[in-house]
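A.B. asks: sequence below, structure please.
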Amino acid sequence: MNDEVLKAADALVSAFGEGRLDDYFAMFAPDATFVFHTTPERLTSTADYRALWDRWVTEDDFRVLACTSTDQLIQLLGETAVFSHRVETTVSTTAGEETLHERETIVFRRRDSGRWLAVHEHLSAA
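C.D. replies: From the prediction side, this is the model:
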């Protein structure tokens with residue numbers, strides 16, 4: 001099962017880093033929650049996160065240029081898995097390019113179909 005979770009996590013990080021937003025957001029359950037150190041409020045759905053992302057693009061021309069995942073750890077808890085790692089993300093905004101160093105925890109839950117979907121993401125500055 002570790003391989004299945006790692007495959008789901010790798011797909012999520014790849015979609016994020018390559019700017020494939022439809023693929024990225026499809027990796028989350030509709031009722032997923034999100035806690036980001038850059039956002040004061042907790043987001044309580046994937047739709048809320050997508051709306052915030054769209055606002056970042058509209059207001060600041062936000063783009064993800066690359067993302068690298070290191071120091072990965074998977075903890076299996078039955079039908080739930082906790083994936084933690086370090087991420088280095090290069091973004092572009094109207095202010096220019098910036099490389100961010102962060103720590104992230106993503107909680108995955110296996111659906112009846114066998115597919116692992118993210119149900120919670122927590123991102124903090126490294």
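
A.B. asks: burial measure for the nearest residue to residue 111 once chain neighbours are set aside, as a count.
C.D. replies: Distances taken as Cβ to Cβ, 6 or more residues apart in numbering place residue 117 nearest to residue 111, at 6.0 Å, with adjacent residues excluded. No exception for glycine: its C-beta is placed from N, CA and C like everyone else's. Residues lying near residue 117 (other Cβ atoms under 10 Å) number 18.

A.B. asks: do the one 4 residues further on as well
C.D. replies: As a burial measure, residue 121 scores 21 neighbours (other Cβ under 10 Å).

A.B. asks: same question, the one 4 residues further on
C.D. replies: With neighbours defined by other Cβ under 10 Å, the count for residue 125 comes to 9.

A.B. asks: dump the residue contacts of it.
C.D. replies: 37, 100, 101, 102, 103 (Cβ atoms under 8 Å, 6 or more residues apart in numbering).

A.B. asks: and it, what are its bridge partners?
C.D. replies: When bridges are called by DSSP bridges, residue 125 pairs up with residue 102.

A.B. asks: checking the residue lying closest to residue 38 once chain neighbours are set aside next. Helix, strand or coil?
C.D. replies: Closest residue in space to residue 38, ignoring its immediate chain neighbours: residue 123 at 7.8 Å, by Cβ to Cβ, 6+ apart. Classification of residue 123 by DSSP: H, G, I helix; E, B strand; the rest coil places it in strand.

A.B. asks: my read: residue 123 touches residue 35, true?
C.D. replies: Yes - counting by Cβ atoms under 8 Å, residue 123 touches residue 35, with 7.2 Å between them.
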